[in-house]
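Visitor: Give me a model of this one.
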Amino acid sequence: MRFIFTSIVVFILTSGHVLAHEDFYVTKVFGNVTTRIKTGFDYEEINNVAMLGQLAEKLCKALKYSEPVFLDFIHCYVGNCASGFFISYDNVNNEYLKWSGNPINGDAIVVRQIARHFQSQTTLKLLEYAILNLKHIKSTQRQISYQKGYYRLNPNSIDTLAIKRILITPNSDLLNNTLKIRIDRPDKDFRYGVSYYLQNNRYFVHRNEVVLFDFDNIYDFKRTGNLGNWGIIFDSDSSFYYAGGLSQKSKRHVIEKPLGYKPFKVEYIGDGKVAIYFWYWKKEREEDEVGEFYTVGDKQRTLIYLTGEDKLIQNLNKLLNLVLLFDNVKK
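Guide: Below you'll find the predicted structure:
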């Protein structure tokens, strides 16, 4: 018990946290397809976008389209946001789209999405439409530019209602065949243990090729254990599953009142116990000589997951109090 207590304390002290941060871009190139995601922390969505880029490259090859394609993803990682979808044909070096290290020189099909999670079916459907209707998109944008009569920072996108119609139309056979292609999580060092792949717009979690779960979203993914061959898979920002040895899999565990805003930190602390740590915003009620007021602060929270019992301890403070009480009784 004392070893576990010490491990938890060390884990908290070494987790590290920086209040101030800036959003950043991650750019990858897959043939004629360039992907860029703007996000705030090292979310699993970065790997998801890389898998979407690989699928997009395969769709381009099937459609025999070899000109540049730019898939631009704006990740809404805090709170709720309305999804946005844009299709255009633009000079990627303009003031709105350019960035340092841009591998595209000149015009490209641009598919921009704003969302909390990006789906393969949505991405491929928008790209397929853009390739097959490129002449229409180009002519529509020329008309917009002429009518406006001035330079716009925002790229000219086809009509929003048209994009909504695109997304609700049935998939083409080509699109369905492309979605069937298996794309593994980008992980050059992966040899064995727990991982996942994308197929048919779903994510299949496996341990040594034995499928344990399938989800429509993976919010966060952490390997743990002595050799990193176990896994904690978050299907949302407030729930997770455990994938262990010998194809062991847990029930779904729901985290009470998470309100987290950055990826989880997961650490195996020995004896079949895993610490799950995250930061969240908390609104607290306080009083001073003027009266009652509320403050919003940055808080930390640590959970303990017992792999053998498949049990989640939500309140670490109670656990630590019990440890201290046990030590005092022994003395």
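Visitor: got a list of what the residue nearest to the spatial centre of the chain touches?
Guide: Nearest to the mean C-alpha position of the chain, counting by C-alpha atoms, centre = their mean, stands Glu45 at 2.3 Å. Glu45 makes contacts with Ile37, Thr39, Phe73, His75, Tyr77, His117, Phe118, as judged by C-beta atoms under 8 Å, 6 or more residues apart in numbering. C-beta coordinates here come from the backbone N, C-alpha and C atoms, glycine included.
Visitor: ditto for His206
Guide: Each residue near His206 by C-beta under 8 Å, 6+ apart is listed here: Val194, Ser195, Tyr196, Tyr197, Leu212.
Visitor: again, only using 7 Å
Guide: Applying C-beta atoms under 7 Å, 6 or more residues apart in numbering to His206 gives the contacts Ser195, Tyr196, Leu212.
Visitor: so what pLDDT did the residue nearest to the centre of the chain get?
Guide: Looking at Glu45, its pLDDT reads 97.
Visitor: That one and Val69, how far apart?
Guide: 20 Å (C-beta to C-beta, to the nearest Å).
Visitor: What of Asp271?
Guide: Shown here: Asp271 relative to Val69, a distance of 50 Å by C-beta to C-beta.
Visitor: neighbour-wise, which of the two wins?
Guide: Remark: of Asp271 and Val69, Val69 carries more neighbours, 25 against 12, as counted by other C-beta atoms under 10 Å.
Visitor: Which positions are bridged to that one in the beta structure?
Guide: Beta-bridge partners recorded for Val69 (DSSP bridges): Val33, Ile109.
Visitor: doesn't Asn32 make contact with it?
Guide: Yes - shown here, Val69 and Asn32 form a contact pair, counting by C-beta atoms under 7 Å, at 5.8 Å.
Visitor: which neighbours do those two share?
Guide: Listed as contacting both Val69 and Asn32 by C-beta under 7 Å, 6+ apart are Cys60.
Visitor: where does the stretch 1-150 of the chain have low pLDDT?
Guide: Scanning the stretch 1-150 of the chain for pLDDT under 70 picks out 1-21, 141-150.
Visitor: And the helices in it, which stretches?
Guide: 2-13, 45-62, 120-132, 134-148 (DSSP state H, counting those that start in this stretch).
Visitor: how about the longest one: buried residues?
Guide: Meaning helix 45-62. 45-60 (16 or more other C-beta atoms under 10 Å).
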